[in-house]
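Colleague: just need the structure, nothing else, for what follows:
(chains A and B)
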There are 2 protein chains.
Amino acid sequence: MRLGTVRRDGATRAAVGDDAGWVVLDERDAQELIGASDWRDRAAAALRHPARTAIDETDFAVPVPRPAKIFCCGLNYRDHIVETGRDVPEYPTLFAKFADTLTGPVDDLVVHDTAKLDWEAELAVVVGAEVRRADREQARAAILGYAVSNDISMRDWQQRTLQWLQGKAFDATTPIGPWIVTADELEPRDGLRITCAVNDEVMQQGDTAELVFDAADLVSYVSGITVLRPGDIVLTGTPGGVALGMPEPRWLRDGDVVTTEVEGIGVLRNTVRFE
Amino acid sequence: MRLGTVRRDGATRAAVGDDAGWVVLDERDAQELIGASDWRDRAAAALRHPARTAIDETDFAVPVPRPAKIFCCGLNYRDHIVETGRDVPEYPTLFAKFADTLTGPVDDLVVHDTAKLDWEAELAVVVGAEVRRADREQARAAILGYAVSNDISMRDWQQRTLQWLQGKAFDATTPIGPWIVTADELEPRDGLRITCAVNDEVMQQGDTAELVFDAADLVSYVSGITVLRPGDIVLTGTPGGVALGMPEPRWLRDGDVVTTEVEGIGVLRNTVRFE
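Modeller: Numbering: from 1, shown residues only, chains lettered A, B, ... in the order given. This next block holds a predicted model:
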């Protein structure tokens, strides 16, 4: 099943989908939907009817727009770590984002005051249940599903100090979506191709089977620190191929189109606009 | 004026205070109160009546319990920076906390899975208006007031990776309060003594006049990254004297009482409890 948030008449609505298409529901977004204890039954009932609504790509908004917590994992793709000569880490490197960083799957990325704008294609994990100090199996059971994200980074701000937050916290610069594919339909450990292209050039190509800390590992680890609740998000890190890693970095420019894709989930397509 | 949140009959209520004492209001907490555009008039009207309510120290809760954003500044006391041989930084080092980290001014600090528990007395800045890309004067005008906080840190977790977040994100380990003193009554640049004691031993003694980036600087800087809204919090960093800086660190132990004070605001008194 897919869970999305769609723009309708100046507001948003939750939508559930399958291979036949989408059904728009009454809730204002997918986060409100999954907050109801009976949402799975209701979503399944909606999908039993054959009627579907055509939804334009540009109508999709942030699926879960009000996460209280977004945890991001740093260097987490094994092949990229080995390639750069580093040791595989014992613990995940974690930093935070706030909900205001999120933006829709085809929204423009409107940025200011940065000269080193970079891309980071990521698999996003969306939490579906309250979870505290969970082991791997409990953590796996608490995962609602997966989305595509891009942790667009202002490297000049990120590199001003040792803590990365300020280069990761600009408003509406982290596209996510286009929807959530529920965890029963997808196992990132089995290997999903993840790519990022700028205009027509593929910059990143990775495979989620290479994650050092996979979705269940990260949810388990974070839940040992703080409670996670429905709609909270864990970004799992990015494979090699970011501008920062190039001998002569090719930073993002006004008008660049960043296309981010995770196999089996969907595609984000965002145009950079400098203010 | 002071703004607080007090526990009453299993719930919480906002309270406003002055030198004569406290008046309990209908709002569920000080954050709900300051969300109303006319709150200053209503608070002033409440304080014009002579009637006051006696409030026990243990009745105070987190003044603003639902900040969407908590920004924390690292090394920020000039004398401590110079003392440790470092250069005064050009930019503030920022990391994030989530609202779940907050706990009341005399609540127990219930911790688990850490062997290196440390204290960090801090001046907290509470935002009172929506603020984006503000200069210093606009930022100053957006400051609601000041509270006392202690960024209790799990150094073992903090030092697992380069990013500090995981040692700063445990639930209910950051006491804040005991209330907010509004900005018209206090100017931290003029110098407020800030101290932290463990049991009866004073561990930290600083002066807010030594802040490299003061409250207005930090609100201005952060607002260039992301919008801040009423109830959001900026923690301004800690002076020297933390356990981490000792040749043989004296980590916090079960039963230790951590007393944190900022002159002109108030005192936090929290007992460490290991699960």
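Colleague: wait, isn't residue A:128 in contact with residue A:34?
Modeller: Yes. Residue A:128 sits in contact with residue A:34 when judged by C-beta atoms under 8 Å, with a separation of 5.9 Å. Quick note: C-beta positions are derived from backbone N, CA and C, even for glycine.
Colleague: any shared contact partners between those two?
Modeller: A:144, A:230 (C-beta atoms under 8 Å, 6 or more residues apart in numbering or on different chains).
Colleague: now do the SS call for residue A:250.
Modeller: Remark: residue A:250 carries the secondary structure label coil [criterion: DSSP: H, G, I helix; E, B strand; the rest coil].
Colleague: what's the burial count for the residue nearest to it when sequence neighbours are not counted?
Modeller: Distance criterion C-beta to C-beta, 6 or more residues apart in numbering or on different chains; nearest residue to residue A:250, sequence neighbours excluded, is residue A:243 at 5.3 Å. When counting by other C-beta atoms under 10 Å in any protein chain shown, one arrives at 19 neighbours for residue A:243.
Colleague: pLDDT at residue A:243, what is it?
Modeller: Residue A:243 is assigned a predicted lDDT (pLDDT) of 96.
Colleague: dihedrals phi and psi, it?
Modeller: Backbone dihedrals for residue A:243, given as degrees, to the nearest 10, come out at phi -60, psi -40.
Colleague: how far away is it from residue A:120?
Modeller: According to C-beta to C-beta, to the nearest Å, residue A:243 stands 10 Å off from residue A:120.
Colleague: and residue A:67, by the same measure?
Modeller: Taking C-beta to C-beta as the criterion, residue A:67 is separated from residue A:120 by 18 Å.
Colleague: and the contacts of the host helix or strand of residue A:271?
Modeller: For residue A:271, the enclosing helix or strand under DSSP states H and E is strand A:266-274. Judged by C-beta under 8 Å, 6+ apart, the contacts made with strand A:266-274 from elsewhere in the structure are A:57, A:103, A:105-112, A:117, A:147-150, A:175-179, A:181, A:252-261.
Colleague: could you check how far that strand is from the centre of its chain?
Modeller: Put simply, strand A:266-274 sits 13 Å off its chain's centre (C-alpha atoms, centre = their mean, to the nearest Å).
Colleague: please apply the same query to stretch A:68-81.
Modeller: A distance of 11 Å separates the centroid of the chain from that of stretch A:68-81, by C-alpha atoms, centre = their mean.
Colleague: and for stretch A:58-74?
Modeller: 7 Å.
Colleague: for stretch A:83-96, same thing?
Modeller: The chain centroid and the centroid of stretch A:83-96 are separated by 19 Å, computed with C-alpha atoms, centre = their mean.
Colleague: buried sites along it?
Modeller: Within stretch A:83-96, the residues that qualify as buried by neighbour count (16 or more other C-beta atoms under 10 Å in any protein chain shown) are A:89, A:92-96.
Colleague: among those, which are in reach of chain B?
Modeller: On the criterion C-beta under 8 Å from any C-beta of the partner chain, A:89, A:92-96 are the entries of the buried residues of stretch A:83-96 that sit beside chain B.
Colleague: restricted to strands, list those residues.
Modeller: The strands in this structure, assigned by DSSP state E, contain A:94-96 from those.
Colleague: now those residues in JSON lines, with pLDDT?
Modeller: Written out in JSON lines, the entries for these read as follows (pLDDT from 0 to 100):
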{"residue": "A:94", "pLDDT": "98"}
{"residue": "A:95", "pLDDT": "98"}
{"residue": "A:96", "pLDDT": "98"}
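Colleague: what's the closest of those to chain B?
Modeller: The nearest member of those to chain B, counting by C-beta to the nearest C-beta, is residue A:96 at 3.9 Å.
Colleague: and the closest one, bridged to which residues?
Modeller: Taking DSSP bridges, one finds residue A:71 as the beta-bridge partners of residue A:96.
Colleague: got a list of what it touches?
Modeller: Counting by C-beta under 8 Å, 6+ apart, the residues that residue A:96 touches are A:69-72, A:165, B:95-98, B:165, B:169.
Colleague: any idea how far residue A:35 is from it?
Modeller: 22 Å.
Colleague: quick revisit: farthest pair in the buried residues of stretch A:83-96?
Modeller: When these are compared pair by pair using C-beta to C-beta, the farthest-apart members prove to be A:89 and A:96, with a separation of 18.2 Å.
Colleague: ok so, going back, closest to residue A:229 among the contacts of residue A:96?
Modeller: Distance from residue A:229 was checked for each of the contacts of residue A:96 by C-beta to C-beta. The minimum falls on residue A:69, at 7.8 Å.
Colleague: verify the contact between that closest one and residue A:235 for me.
Modeller: No. Residue A:69 is beyond contact range of residue A:235, at 11.3 Å (criterion: C-beta under 8 Å).
Colleague: right, is the helix or strand of chain A with the lowest mean pLDDT up against chain B?
Modeller: Counting by mean pLDDT, DSSP states H and E, chain A has its least confident helix or strand at helix A:78-83, which shows a mean of 82. No. When contact is scored as C-beta under 8 Å from any C-beta, no part of helix A:78-83 falls within range of chain B; the minimum is 13.3 Å.
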